[in-house]
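[1] sequence first, then the predicted structure:
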Number of protein chains: 2
Amino acid sequence: MGDYGIGVDLGGTNLRVAAVDEDGTMLLKRELPTEVSRGRDEVIGELCRAAQAVVHDMRERSGGGELRGIGVGVPGLIDSESGRLLESPNLPGWNDYDVKGEIERRLGTTVILENDANAAALGELWLGAGRGSESLCMYTLGTGVGGGLVLQGRIWRGWNGMAGELGHCNVEPEGHRCGCGSWGCLEQYASATAVVRMAREALESSVQTALRSLAGGLSSQAVYECAMQGDAEAKRVFERVGRSLGMAIADMVNTLNLPLYVIGGGVSSAWDAFAPAMFAEVRRRSFVYAGTTAENGGGVGGRARTTQIRRALLGGDGGLYGAARLPMLGAGA
Amino acid sequence: MGDYGIGVDLGGTNLRVAAVDEDGTMLLKRELPTEVSRGRDEVIGELCRAAQAVVHDMRERSGGGELRGIGVGVPGLIDSESGRLLESPNLPGWNDYDVKGEIERRLGTTVILENDANAAALGELWLGAGRGSESLCMYTLGTGVGGGLVLQGRIWRGWNGMAGELGHCNVEPEGHRCGCGSWGCLEQYASATAVVRMAREALESSVQTALRSLAGGLSSQAVYECAMQGDAEAKRVFERVGRSLGMAIADMVNTLNLPLYVIGGGVSSAWDAFAPAMFAEVRRRSFVYAGTTAENGGGVGGRARTTQIRRALLGGDGGLYGAARLPMLGAGA
């Protein structure tokens, strides 16, 4: 067994800590609820105790390698220079909190703080849909839409850590109001929240739809099931998800010309319902994509060089693997 | 005098060749018309003769440094691996032409081929609006809208050289048809061609406008002058330019979080007419931008860290400087 990293995924609902070795094997995992209501001090305390317990258990193991470091994924905007969490809708009361400093102080060791969607992108590159790729762009479709860019093996954070806010790319200039202050962001058409809202809008305007039977039980998953059973309104909702994703991805293809775009998060399980519209839209919008897909013979030179759009493979563990990977990449990871 | 690079800017109208030393001083420049009608073979011949003449003249100079290499900027899509020009609206008949190989064969030396908008972005980073910056995103508003990304000092080409097609980011999902096959690309609202089209549309729908006096002489510059003289329709045209640019830039700010966005090309001389709408739109659309501008105290931590949007400084020479810079950056520039 080689050396290992500790990955922490601090979500609004669950707090998970894992030890992952350099080959990408998860050796230990602890999971507990994030008791947000007890305050950030208590949550950070739990996080540190869980991390210490994992380190302790690893030491007990015969032949355990050395701890390379600790990576922590958190939902929200991070100022990369100071390590402060600037804003986090899922962690109310944590705004402008020195998460990195606080954990370091309690554990007595350096930690690397990272946006959770960035960590998931790194995880997918390392062990998931992006294995073997150098760069990728990942969309995490959850309550909101997170994003992560990995360029040449490294998370692209931008000049102060705010890069990768792919959920706030515009897909409808004067569309639905977004929590970020803009209108018509991708997040308003491709998140679980958006699926439920669009289903509700369909209910209000359509008489005949199986969505009506869901009544108060509207969820992204339930809408997906209606779509799979052939309900036209539910299908339309996911076509909208797909078209919106396709528009956003087309812009990224034209801008960054990456080899791979990965779709993860809860809503990605509805792939069958939204992917056809997504692919059609990317093809319609991006001449770069059209010129580098398998359909037309693999682009220039006859080689099989194709721009890929794939589902994430690591599910909810992507962020955990990515966080554990961070200390293995050394300074400036 | 230090060593120098040769920069070539091969445009659809003019062919320019310059020697630029490592401090960014232009030592020699030759300019001649691009005789596209005489065929690509003839144009490449002219290009090579001009480059040889510049090298010859530099050798004559006492104290002349060593030639570091030759960079060539061309308008169009380049396959970075093969060096072939895949597509170039301004160089008809050059599609899928091995420009790099052809020049190398005639000059007997390695050349670096680059998209002209990418070269301009590199030039601005080196000696213009981006001096002292590590990364920038540049929009070149000409007949079309070109784009260039420089990330950490290097042109970002993507995995096969097609990155930076910023003119084809979407700003109006079902808007004006674009030559790329999509609808509502930035190029359809922020290029000189778009300014003229939008002015014509205004003429068709409005009775009172000074644009009418331009009659057959509609040009981007003439529309700008009408706007500066207070004509409401002409002003609206440039507000549309500004809003469209602002939307595209907001997406880039949210995605890449670069410190600097530069606007160049002929239409950028209408800055006064479009910049207010552009800034307003970026502020309206990007919480990342709003959080990192001077207006609100310089962002987090009280330091003066601001996301900047500026006019290009090198005018038509940006691409020439950038092309000359390429060989100075060494392999993988």
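    Noted; the coordinates are in hand.
[2] pLDDT weak spots in the stretch 201-333 of chain A?
    Scanning the stretch 201-333 of chain A with the threshold set as pLDDT under 70 gives A:215, A:293-305, A:331-333.
[3] show me what residue of it gets nearest to chain B.
    A:N257 (2.3 Å; C-beta to the nearest C-beta). Any C-beta I mention is one placed from the backbone N, CA and C, and that applies to glycine too.
[4] quick one: residues contacting whichever residue of the stretch 101-250 of chain A sits closest to chain B.
    Among the residues of the stretch 101-250 of chain A, A:G158 lies nearest to chain B; the distance is 2.4 Å by C-beta to the nearest C-beta. Applying C-beta atoms under 8 Å, 6 or more residues apart in numbering or on different chains to A:G158 gives the contacts A:80, A:164, B:256-258.
[5] before we move on, what SS does it have?
    Using DSSP: H, G, I helix; E, B strand; the rest coil, the secondary structure recorded for A:G158 is coil.
[6] phi and psi next, for the closest residue to A:C185 other than its chain neighbours.
    Beyond its immediate neighbours in the sequence, the residue positioned closest to A:C185 (C-beta to C-beta, 6 or more residues apart in numbering or on different chains) is A:C178, lying 4.1 Å away. Summarising the backbone geometry of A:C178 under the convention degrees, to the nearest 10, its torsions are phi -110, psi 150.
[7] without its sequence neighbours, what residue ends up closest to A:S88?
    For A:S88, ignoring the flanking residues on the chain, the nearest one in space by C-beta to C-beta, 6+ apart is A:G76 at 3.0 Å.
[8] confidence score at the one you found?
    Per-residue pLDDT puts A:G76 at 89.
[9] which residues touch the residue lying farthest from the centre of chain A?
    The outermost residue of chain A relative to its centre, with distances by C-alpha atoms, centre = their mean, is A:V207 at 35.7 Å. Taking C-beta under 8 Å, 6+ apart as the contact definition, A:V207 lies against nothing.
[10] helix, strand, or coil at it?
    Under the three-state scheme (three-state DSSP), the conformation of A:V207 reads as coil.
[11] ok, back up a step: now do the residue of the stretch 201-333 of chain A closest to chain B against B:G147, distance only.
    Spatial separation of A:N257 from B:G147 under the definition C-beta to C-beta, to the nearest Å is 11 Å.
[12] find residues that contact each of those two.
    Going by C-beta under 8 Å, 6+ apart, residues that sit against A:N257 and also against B:G147 are B:164-165.
[13] what about the residue nearest to A:S88, neighbour count?
    One way to gauge burial is a neighbour count; for A:G76, by other C-beta atoms under 10 Å in any protein chain shown, it gives 21.
[14] give me the spatial nearest neighbour of A:P276, chain neighbours excluded.
    Nearest non-adjacent residue to A:P276, counting by C-beta to C-beta, 6+ apart: A:G242, 6.6 Å away.
[15] name all residues that make contact with A:W183.
    With contact taken as C-beta under 8 Å, 6+ apart, A:W183 is in contact with A:170, A:172-177.
[16] for the residue lying closest to A:I155 once chain neighbours are set aside, the count of nearby residues, please.
    In space, not counting the residues next to it along the chain, A:I155 is nearest to A:N118; the distance is 4.8 Å by C-beta to C-beta, 6+ apart. A:N118 has 28 neighbours, counted by other C-beta under 10 Å.
[17] what's the helix or strand harbouring A:N118 packed up against?
    With elements taken from DSSP states H and E, the one containing A:N118 is helix A:116-127. In this structure, helix A:116-127 packs against strand A:4-10, strand A:67-74, strand A:136-141, strand A:145-151, strand A:154-155, strand A:260-264, helix A:318-325, with contacts taken as 3 or more C-beta pairs under 8 Å, 6 or more residues apart in numbering or on different chains; DSSP states H and E.
[18] understood, closing this out.
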